[in-house]
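Enquirer: task: produce atomic coordinates for the following.
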Amino acid sequence: MAKARALDRRRRSIRNIRKITRTMELIATARFKKAMDRATAATAYTRRITQIVNDLAQSGLEVSHPLLDPRESTRCATLMVITSNRGLCGGYNSGIVRASLARNEELVAKFESVRREVSGKRGISMFKFRKLVPHHAFTHFGDQPRYQDVDVVATRLLEEYATGQIDRLDVAYMRFVSASKQVPEVETLLPLGSLDPGSSPEGAAPGESAPARRGESIYDLLPSAESILAEVVPASFKVRLFKCFLDAAVSEQISRMVAMKSATENAGDIIRRLSMAYNRARQSQITGEIMEVIGGVEALKG
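Expert: Presented below is the predicted three-dimensional model:
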């Protein structure tokens, strides 16, 4: 009977775990819908403002901005890694860390100094395990990043880039493509000239997606191009960085939803196998008890 009892205790334990994973799956599903709505709402604005900056930079006008000009210096680069604060989300964090470590090696080979800034407890612990202590660590963004919090970090990075403290900024995160596809990606956000919005201006003919190809501007800039760039270029960087955090939040919830769904299904399979083993053990125990009773009766008759 001890074996049957052990199987029954294990089965009850797996049932409790299945309840937890099922609950976490439902929570992740609800959070995913909210995060996807925020990311979708920011996508069109991010793409458009990035396209405007690229159009202005390539329009042939005599305009310039420190954030648009590539740096020849190779003194210092910054690598920002966006991970999650919690686990149980499959290979989400490990995929981002692998991509960031590969880019880190490239930057170390090219730049004299490389700083690492990591968002998320999981990424912080992974980098510390590899003896790569982050210069800045963030744990307050969570699964619902706010623009106000990202703006503080973005403003500091802009000031450091403008004063020459850093010459390049790369951001490693999980890019949201669709509900069934998320890709770990490392993008260069500074200088802004390296950004590619991935879309052509509305109304442009095929093969004529940028004003630079026409050598003219499609905008009338008042009071001056410099004053417009002074407002639009920093805003473009901040929105782009915020979009990285939003994509990371959506991808995290999808990964956790898929992982918990798989765990729930696996728990159900284990419970079915344990139930079969328990029934066999219980049947064997009952049969043994019946045989003992029959043997005792036969002994009394003799």
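Enquirer: so what are the domain limits for the protein?
Expert: Domain segmentation of the chain under automatic domain parsing yields 2-27+259-301, 37-256.
Enquirer: confidence-wise, which of those is weakest overall?
Expert: The weakest mean pLDDT among those belongs to domain 37-256, with a mean of 82.
Enquirer: end to end, how far does that one reach?
Expert: For domain 37-256, the first-to-last residue distance is 18 Å (CA to CA, to the nearest Å).
Enquirer: who's in contact with the residue nearest the centre of the chain?
Expert: Residue closest to the average C-alpha location in the chain (CA atoms, centre = their mean): A248, at 3.0 Å. Applying CB atoms under 8 Å, 6 or more residues apart in numbering to A248 gives the contacts 82-84, 145, 173-174. Quick note: C-beta positions are derived from backbone N, CA and C, even for glycine.
Enquirer: how many neighbouring residues does T188 have?
Expert: By the criterion of other CB atoms under 10 Å, T188 has 15 neighbours.
Enquirer: name the SS class of it, please.
Expert: strand (DSSP: H, G, I helix; E, B strand; the rest coil).
Enquirer: just the helices in the stretch 151-300 of the chain please.
Expert: 211-214, 225-301 (DSSP state H, counting those that start in this stretch).
Enquirer: so of the ones you listed, which one's packed in deepest?
Expert: Highest mean neighbour count of the helices of the stretch 151-300 of the chain: helix 225-301, a mean of 17 (counted as mean count of other CB atoms under 10 Å).
Enquirer: pull the distance from it to the chain's centre.
Expert: Mean-position distance between helix 225-301 and its chain equals 20 Å (CA atoms, centre = their mean, to the nearest Å).
Enquirer: what does stretch 127-145 give?
Expert: Distance of stretch 127-145 from the chain centroid (CA atoms, centre = their mean) equals 13 Å.
Enquirer: adding distance to K131, write the helices of the stretch 151-300 of the chain out as a markdown table.
Expert: Listed next are the helices of the stretch 151-300 of the chain as a markdown table, based on distance: least, CB to CB, whole Å:
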| stretch | distance to K131 |
| --- | --- |
| helix 211-214 | 45 |
| helix 225-301 | 25 |
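Enquirer: of those helices, which is nearest L132?
Expert: For the helices of the stretch 151-300 of the chain, the distance to L132 is smallest for helix 225-301, at 19.7 Å, taking CB to CB.
Enquirer: my guess is R75 contacts F111, does it?
Expert: Yes: the criterion here is CB atoms under 8 Å, and R75 meets it with F111 at 6.8 Å.
Enquirer: just the element for R71, please.
Expert: Of the helices and strands defined by DSSP states H and E, none includes R71.
Enquirer: how many neighbours does the nearest residue to it once chain neighbours are set aside have?
Expert: Once flanking residues are discounted, R71 sits nearest to D167: 4.2 Å by CB to CB, 6 or more residues apart in numbering. For D167, the neighbour count with other CB under 10 Å is 21.
Enquirer: kindly report the same for the one 10 residues further on.
Expert: Using other CB under 10 Å, V177 is surrounded by 12 other residues.
Enquirer: residues contacting it?
Expert: V177 makes contact with V183, according to CB under 8 Å, 6+ apart.
Enquirer: one more: the one 10 residues further on?
Expert: E187 makes contact with 170-171, 173, 195, 244, according to CB under 8 Å, 6+ apart.
Enquirer: L7 too?
Expert: 274, 277-278, 281.
Enquirer: quick one: which helix or strand includes it?
Expert: Secondary structure assignment for L7, by DSSP H and E: helix 2-57.
Enquirer: residues bridging contact with R75 and F111, i.e. touching both?
Expert: With CB under 8 Å, 6+ apart as the test, R75 and F111 both reach D167.
Enquirer: so which of the two has more stuff around it?
Expert: Each of R75 and F111 has its neighbours counted (other CB under 10 Å); F111 has more, 19 against 13.
Enquirer: any figure for the gap between the residue nearest to A281 when sequence neighbours are not counted and P66?
Expert: Take A281 and drop its neighbours on the chain: the residue closest to it by CB to CB, 6+ apart is A4, 4.2 Å away. The spacing between A4 and P66, counted by CB to CB, to the nearest Å, is 75 Å.
Enquirer: list the contacts for S100?
Expert: By CB under 8 Å, 6+ apart, the contact list for S100 reads 79, 81, 172, 186.
Enquirer: and the two most separated of the residues you listed?
Expert: With CB to CB as the measure, no two of the contacts of S100 lie farther apart than V81 and V186, at 8.9 Å.
Enquirer: thanks a lot, see you next time.
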